[in-house]
Every structure is written in C-alpha cells, then in structure tokens.
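A.B. asks: can you look at this prediction? I've put the sequence above it.
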Amino acid sequence: MSNYARLTCVLALSALALSAQTVPVYTNVQTTGMVGVADAQTAQLNLLNPGVLPPALGIICSASVAFLNANGTVLKSTVVTVPPGKSMPFDLRSDTDLKLVAGDRVEIRATISMPAFPPPPTAVTTPSPTPTTGVACKLIPTLEILDTSSGRTLVTLGHVVTVSGPVTPTP
C-alpha cells in the first residue's frame, strides 16, 4: 500500500508541476521591408482577406498589426478584424502620429501577427488550417505611402517576409 501511495503522490506532484509551466504560443509574423515616411505623408497598411468561393463559408481573420521604426520601436499598433472578401486599412500619419515637421523623415516597416493555430471553430469559422503554414486564414498585406493632402499613392510595397517563432505569454 505504501508503494501505491508514493506513486500517487509522485504522479500528483508531476501533474501539478506540468500545469504550472508556461507553454509557448506560436505566432505567424510577417514584416514588410523598410520605407521612408516624410512630413505630409501617410503610411497605410491594407489587409485583404480574399475569403473563399461560395458555397463554402469564409473565415474572419484577426491580426495584430504595428508600425515600427528602424530601431524596432513600436510607433502605433492595433488589432484588426477582416471579414472574408473585405479589406481593412491601418494608417500611420506623419503629422498626428509621428509629429513630423518640414524636412523630417523616419524609416518604418509594418508587421502583421496572427496565431499560427486557429482558435476553436465557431459558426462562421469552419475551414481547417492550411497544411503548409498551420494558419487558418490568409491576409494579403500591401503597404502604401500616400501624400496626405491629395491621397495620391507615392509608393506601394507588396512583398512581406514571414518569420514564425514561439511567443511566451506573460502572466
């Protein structure tokens, strides 16, 4: 009986120790290249959720997006939700967000972070993750630099680089 009690204690303590460990959450992170923003310009990150063809149901995609400077400092960030077949913009204005004045310029890049494994399915989210990436939805990013007053596009970047890795949640 003492061996049984000892084994039960060891198993209980092991289970307790395992439950206290922090499990890393894998995140799919995409980044654009660097591009300059000067005074009177706006950087606009557009995220397109191409959806799927009917009769299948599309998946609503959520992502954390951010603009970073050349040192990696976050200049502005938010979480966006993009329904299937729609796009969502996220702006960084040189005047209000960066406080740039005539002659100022800052190098920026945009990042898009999405969970590498989808949340539990809901009534709208029925597709399974894609076999190659493990990501349940696909957002197509485009970064534009616009003339703020006219709205004219000056530069467009469509190329992103994907970097995946563990992100340990903080308690």
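C.D. replies: Arrived safely, thanks for sending.
A.B. asks: which element is residue 88 on?
C.D. replies: Element membership of residue 88 [criterion: DSSP states H and E] is strand 87-93.
A.B. asks: likewise residue 149?
C.D. replies: Using DSSP H and E, residue 149 is not contained in any helix or strand.
A.B. asks: not counting its neighbours along the chain, what's nearest it?
C.D. replies: residue 40 (6.4 Å; C-beta to C-beta, 6 or more residues apart in numbering). All C-beta spots, glycine's among them, are computed from the backbone N, C-alpha and C.
A.B. asks: equivalent analysis for residue 85, please.
C.D. replies: The nearest residue in space to residue 85 (C-beta to C-beta, 6+ apart) is residue 51, at 4.0 Å.
A.B. asks: for the one you found, give its distance to residue 61.
C.D. replies: Counting by C-beta to C-beta, to the nearest Å, the separation of residue 51 from residue 61 is 9 Å.
A.B. asks: ok, residue 31 next?
C.D. replies: Using C-beta to C-beta, residue 31 is found at 17 Å from residue 61.
A.B. asks: try residue 97
C.D. replies: 24 Å.
A.B. asks: again with residue 154
C.D. replies: 28 Å.
A.B. asks: who has more neighbours out of the two?
C.D. replies: Neighbour count, other C-beta atoms under 10 Å: between residue 154 and residue 61, residue 61 has more, with 26 against 14.
A.B. asks: dump the lengthiest strand in the chain to CSV, keeping only the CA atoms.
C.D. replies: What stands out as the longest strand in the chain, according to DSSP state E, is strand 105-115. The C-alpha coordinates for strand 105-115 follow below in CSV (Å, rounded to 0.1, in the frame of the first residue of the first chain):
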residue,chain,number,x,y,z
ARG,A,105,11.8,61.7,-42.3
VAL,A,106,11.6,58.4,-40.5
GLU,A,107,12.1,54.8,-41.8
ILE,A,108,9.3,52.5,-40.9
ARG,A,109,8.1,48.9,-41.5
ALA,A,110,4.8,47.2,-40.8
THR,A,111,4.3,43.9,-39.1
ILE,A,112,1.3,41.5,-39.1
SER,A,113,1.0,38.9,-36.3
MET,A,114,-1.6,36.1,-36.4
PRO,A,115,-1.9,33.0,-34.3
